[in-house]
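>>> after the sequence you'll find the predicted model.
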Amino acid sequence: MVDTANGGEGTATVTGTGQETPQTITFTAPVTTTYTFGVSPITLAATGGGSNNPVTFSIDSSSTETGTITNGNTLTVTGAGSQIIDANQVGGLVNGIYYQGATQAQLTITINPASQTITFTPPATPVVFVNGLTIPLYATSTSGGTVVFTVDAASTGAGTISGDTLTVTTVGSLVIDANVPSTTDYSAATQVQQTIVVSQASQIIVFAPPTSPVNFLTGLTISLAATGGGSGLPVVFTADPNSTATGTISTATLTGTISTATLTVTGQGTLVIDANRAGNTNFLAATQVQQSVKVLPALPTQTITFANPGTQVVGTPLPLVAPASSLLPVSISTTTTSVCTLSGISNATATFIAAGTCTITASQGGNSAWAAAPLVSQSFIVNPTGTLC
């Protein structure tokens, strides 16, 4: 400024407002702004204005991804989503120049969900069905997420899954699907399958040998019993066509695991009894098992001679005589012990202890030479002491 009024010499004071110098922030790192979850820490860098004040970084509150910034410029990603980085630089007077605070700059970093894989250990296969069969399932995922097992619709067998345990209910091929669903940080894993082949179980019949030989007797019955297999079906007994004896067999009854039936013998010879157990979806039919009953000719019959002794008196003993035509010993018994008691079994003596009706039975069970004798029972009145009639 020149002072022409004073010959060009002098001083002057100027007052007013100086202009502030603006600053601009430019991000220089990272160059790539799209990553996958699990990425290593990302270095942030930016240039600022002439103040040379440091550029500071922070995570904007509108970010959908989580992370932390350490050491001023190191971003550690802790979740997938959009990470918005705010960059700021303060102003101020530097070397006689006043700088504005820089306009905030933002950089959006996209963190995509990571992929994950499943490792599914092959289960034991093939296996044979048993009732209540369970098979453990083992699988892991690279994300550490829980693997979910299901039975695929393409399976020809059937079963239920609880957690990591398969319970087989029907034989066939069971295709097991292993899946891990997507999360915020991981996309869904590609499904992995394993196949378990479950075959039908065999059944074995255990047929208890029936009583044999036996002597033919009208109305003779023999008990049959057998066990075997897990199908839950009864063992069916039939007379084999090759039998030389005849008989009829009742329908089997299944109690627990034991099947029972009654054979009624109608003719002499050898009765071959077939035992069969059918199969079902989970069990094969059992191999047939046979047992034979040899029916010998009927034994000679015998009879017991036992006359009714008539009215008796309390306190008077009565020797009992009941011979068998076979001359085999006869057993004497009573069911009216409140009125009469017996001493001995054969050639017994009856003692009368109270008034009432006494019933005495004579029996002879036979042996290898004689058939059992028909039972003979006699009932009679016992009067009080001193009263005979």
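Sure, I can see it. Note that this is a predicted model, so its numbers are computed, not measured.

>>> how much space between the nearest residue to residue 365 once chain neighbours are set aside and residue 43?
On the basis of C-beta to C-beta, 6 or more residues apart in numbering, the spatially nearest residue to residue 365 that is not a chain neighbour turns out to be residue 372, at 5.0 Å. The C-beta positions use only the backbone N, C-alpha and C, and glycine is treated the same way. Distance check for residue 372 against residue 43: by C-beta to C-beta, to the nearest Å, it reads 108 Å.

>>> more neighbours: which of the two?
Neighbours per residue (other C-beta atoms under 10 Å) separate residue 372 from residue 43, with residue 372 holding more: 15 against 11.

>>> where does the more buried one land on pLDDT?
The predicted structure scores residue 372 at 91 on the pLDDT scale.

>>> was I right to think it contacts residue 328?
No. Counting by C-beta atoms under 8 Å, residue 372 does not reach residue 328; the two are 10.0 Å apart.

>>> who touches both of these two?
Any residue near both residue 372 and residue 328 by C-beta atoms under 8 Å, 6 or more residues apart in numbering counts here, and that gives 302, 364, 366.

>>> thought residue 302 was touching the last one, still the case?
Spelled out, it's residue 366. Yes. Here residue 366 lies in contact with residue 302, judged by C-beta under 8 Å, at a distance of 7.1 Å.

>>> need the residues touching each of these two.
The overlap between the contact sets of residue 366 and residue 302 (C-beta under 8 Å, 6+ apart) consists of 326, 328, 372, 373.

>>> show the buried residues in those residues.
326, 328, 373 (16 or more other C-beta atoms under 10 Å).

>>> what number of residues lie near the nearest residue to residue 172 once chain neighbours are set aside?
Counting by C-beta to C-beta, 6+ apart, the nearest residue to residue 172 once its immediate chain neighbours are dropped is residue 157, at 3.0 Å. The burial metric for residue 157, expressed as a neighbour count using other C-beta under 10 Å, is 21.

>>> repeat that for residue 109.
Applying other C-beta under 10 Å, I find that residue 109 has 23 neighbouring residues.

>>> what's the answer for the one 3 residues further on, then?
Here the neighbour count serves as a burial measure; for residue 112 (other C-beta under 10 Å) it reads 14.

>>> check the gap between the nearest residue to it once chain neighbours are set aside and residue 224 for me.
The shortest distance from residue 112 to any residue other than its chain neighbours is 5.2 Å, reached at residue 36 (C-beta to C-beta, 6+ apart). Taken as C-beta to C-beta, the spacing of residue 36 relative to residue 224 amounts to 74 Å.

>>> ok, residue 204 next?
Relative to residue 224, residue 204 is positioned 17 Å away (C-beta to C-beta).

>>> the two: which has the busier surroundings?
Taking residue 204 and residue 224 together and counting by other C-beta under 10 Å, residue 224 has the greater number of neighbours (22 against 11).

>>> now the more buried one: closest residue in space, sequence neighbours ignored.
Ranked by C-beta to C-beta, 6+ apart and with sequence neighbours excluded, the top spatial neighbour of residue 224 is residue 261, at 4.7 Å.

>>> any idea which helix or strand carries the one you found?
Secondary-structure assignment from DSSP states H and E places residue 261 in strand 258-265.

>>> what mean pLDDT does that strand have?
Regarding strand 258-265, the rounded mean pLDDT is 97.

>>> direction included, what does it pair against?
Taking DSSP bridges as the criterion, strand 258-265 forms sheet pairs with strand 221-227 (antiparallel), strand 247-249 (antiparallel), strand 253-255 (antiparallel).

>>> check which residues of the second one are buried.
If I follow you right, that is strand 247-249. Residues of strand 247-249 classed as buried under the neighbour-count rule (16+ other C-beta under 10 Å) are 247, 249.

>>> show the average pLDDT along that strand.
Taken as a whole, strand 247-249 carries a mean pLDDT of 97.

>>> what of the first one?
Within the predicted structure, the mean pLDDT of strand 221-227 is 97.

>>> can you list the neighbours in contact with that strand?
Counting by C-beta under 8 Å, 6+ apart, the neighbours of strand 221-227 from elsewhere in the structure are 205-208, 210-211, 214, 235, 237, 249, 252, 257-265, 273, 275, 289, 291, 293.
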